[in-house]
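*Asks:* This is a predicted model, with the sequence first.
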Amino acid sequence: MSPLNLASPQDLQTWASSLPAADAQAQPELAAALQARLDEKTKPLGALGQLERLALQIGLIQGTSSPQLHAPQVMVFAADHGIARQGVSAYPVEVTPQMVRNFLAHGAAVSVLARANGVAQRVVDCGVAADFEPHPELTIAKVAGVAHGSADSTQGPALTLAQALQAIAKGRAVVQASPGNAVLLGEMGIGNTSPAALLMHALTGTPLADCVGAGTGLDAAGLARKQATLARAVAANAAAAASGDALAVLAALGGLEVASLVGAVLQAAHERRVVVVDGFITTAAVAVAAALAPQVLGYCVFAHCSAESGHARWLQRLGARPLLQLDLRLGEGSGATLAWPLLRAAVVMLADMASFASAGVSTQSAAAGAPA
């Protein structure tokens, strides 16, 4: 089956579920070889903690005991949301296209951090309420019928099922056309913590109030308005929200950049690329992808736990261990680019750190249980 020729939910589910697992249970011999390499390094067993687990995970993703990382891409998927016009954000909807131009001018946080860490930037217009001049870092991936943003989910579905499938296909095509073996997830869309919170509520059953945060900085009155607005969206899409069908939930309550991110995650995993997950919105996309193919989580490195209400709960439900805790709540892929040096360090440590044998260093004394 062609990776982009998935015309129905059944096609998507069949293809998604064919994703091979990237964990120790699925690859026991490789896991043992990687662990042996780590244990032979000149350090006490496990002394590099999460860095060792990261090296092991990257090796399992790539299917090799000598993993390498090259040409990392931070992909900022951008779209507008009909629900944003209900006042769920502290910023006006006009900011989405303004920020896309800021990314392309290399003035945004993710642009600066990507440049500082040797990561290429790709901006993907999934449904921004504007049209842009051609730019070498811009990919136009608008969906017919919703080219300038999703519908207001307080009035009914944000997307039709067909539109959600098209957005997923667009995200997959972006990854397929990109170089490298690591994808850093980013997003931009005024109001997009609202669809993320709605997806969390519908997919996990977490009370809506525990999923909804201040986003870009709402005050108490603004947060109360946002919670009431999202409750109306749940009511307007009650059947989909209660269905347990991840694709139906995504269409009814999600957004174009979230759906495109779902496609990007699935495609990257099928290509055995490392997927670096940023914050609350990208976690929402990963959660939808994982509902379609649970094994996708093995390909995901969770960069940080954001300050957005609900993110820590969602990470815990996914069994994710984020690398950083910096109280970030920006999105864009900023946390993913900040975490990138840790992935590079894990791979370099595995490749270049001396073993006890090569360095002529004595190993731990079995009798004393301490270094000799």
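*Replies:* That came through fine.

*Asks:* Checking my notes, residue 187 in a strand, right?
*Replies:* Yes: counting by DSSP: H, G, I helix; E, B strand; the rest coil, residue 187 is found in a strand.

*Asks:* ok, it to residue 281 distance?
*Replies:* As defined by CB to CB, to the nearest Å, residue 187 lies at a distance of 5 Å from residue 281. Quick note: C-beta positions are derived from backbone N, CA and C, even for glycine.

*Asks:* repeat for residue 230
*Replies:* 15 Å.

*Asks:* again, but for residue 83
*Replies:* Distance from residue 83 to residue 281, by CB to CB: 14 Å.

*Asks:* same question, residue 326
*Replies:* Counting by CB to CB, the gap from residue 326 to residue 281 is 17 Å.

*Asks:* where does the stretch 1-150 of the chain have low pLDDT?
*Replies:* 1-5 (pLDDT under 70).

*Asks:* Could you pull out the strands in it for me?
*Replies:* Per DSSP state E, counting those that start in this stretch, the stretch 1-150 of the chain carries strands over the ranges 73-79, 120-127, 138-140.

*Asks:* tilt between the longest one and strand 73-79?
*Replies:* Counting by axes from the mean of the first three to the mean of the last three CA atoms, to 10 degrees, strand 120-127 lies at 20 degrees to strand 73-79.

*Asks:* Is residue 317 within a helix or a strand, and which one?
*Replies:* Assessed by DSSP states H and E, residue 317 sits inside helix 311-318.

*Asks:* Buried residues in that helix, which are they?
*Replies:* 311-312, 314-315, 318 (16 or more other CB atoms under 10 Å).

*Asks:* I'd like those residues as TSV, with pLDDT and distance to residue 300 appended.
*Replies:* Below are these laid out as TSV (pLDDT from 0 to 100; distance: CB to CB, whole Å):
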residue	pLDDT	distance to residue 300
311	97	14
312	96	16
314	96	13
315	97	11
318	96	9
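
*Asks:* With respect to residue 349, which of these is nearest?
*Replies:* When these are compared for distance to residue 349 (CB to CB), residue 315 wins out at 24.7 Å.

*Asks:* where's the closest one relative to residue 35, distance?
*Replies:* Relative to residue 35, and taking CB to CB, residue 315 is found at 25 Å.

*Asks:* ditto for residue 66
*Replies:* 14 Å.

*Asks:* for residue 16, same thing?
*Replies:* 29 Å.

*Asks:* more neighbours, these two?
*Replies:* Counted by other CB atoms under 10 Å, residue 16 and residue 35 do not tie: residue 16 has more neighbours, with 26 against 17.

*Asks:* you'd agree that one is up against residue 288?
*Replies:* No: applying CB atoms under 8 Å, one finds residue 16 not in contact with residue 288, separated by 10.3 Å.

*Asks:* Name all residues that make contact with residue 119.
*Replies:* 72-74, 113, 184, 337, 340 (CB atoms under 8 Å, 6 or more residues apart in numbering).

*Asks:* What does it show for phi and psi?
*Replies:* Backbone torsions for residue 119, taken as degrees, to the nearest 10, come to phi -110, psi 130.

*Asks:* One more: residue 351?
*Replies:* Per-residue torsions, residue 351: phi -80, psi -40 (degrees, to the nearest 10).

*Asks:* From residue 279, how far off is residue 254?
*Replies:* In terms of CB to CB, residue 254 sits 16 Å off from residue 279.

*Asks:* Residue 230 and residue 281: which has the busier surroundings?
*Replies:* residue 281 (31 against 26).

*Asks:* Help me confirm that the more buried one is found in a helix?
*Replies:* Yes: assessed by three-state DSSP, residue 281 belongs to a helix.

*Asks:* residues touching it, list them.
*Replies:* Contacts of residue 281 by CB under 8 Å, 6+ apart are 187, 189, 192-193, 195-196, 257-258, 261, 331.

*Asks:* Among those, which lie within helices?
*Replies:* 193, 195-196, 257-258, 261 (DSSP state H).

*Asks:* ok, these vs residue 45, which is closest?
*Replies:* The shortest approach to residue 45 among those belongs to residue 261, at 37.6 Å (CB to CB).

*Asks:* Would you check that that closest one makes contact with residue 285?
*Replies:* Yes: if you go by CB under 8 Å, residue 261 and residue 285 touch, sitting 3.5 Å apart.

*Asks:* if you count what's nearby, which of these two comes out ahead?
*Replies:* Higher neighbour count among residue 261 and residue 285: residue 261, with 34 against 31, using other CB under 10 Å.

*Asks:* Distance check, the more buried one against residue 221.
*Replies:* Residue 261 is 31 Å from residue 221, by CB to CB.

*Asks:* ditto for residue 127
*Replies:* Taking CB to CB, one finds residue 127 at 29 Å from residue 221.

*Asks:* again, but for residue 104
*Replies:* 35 Å.
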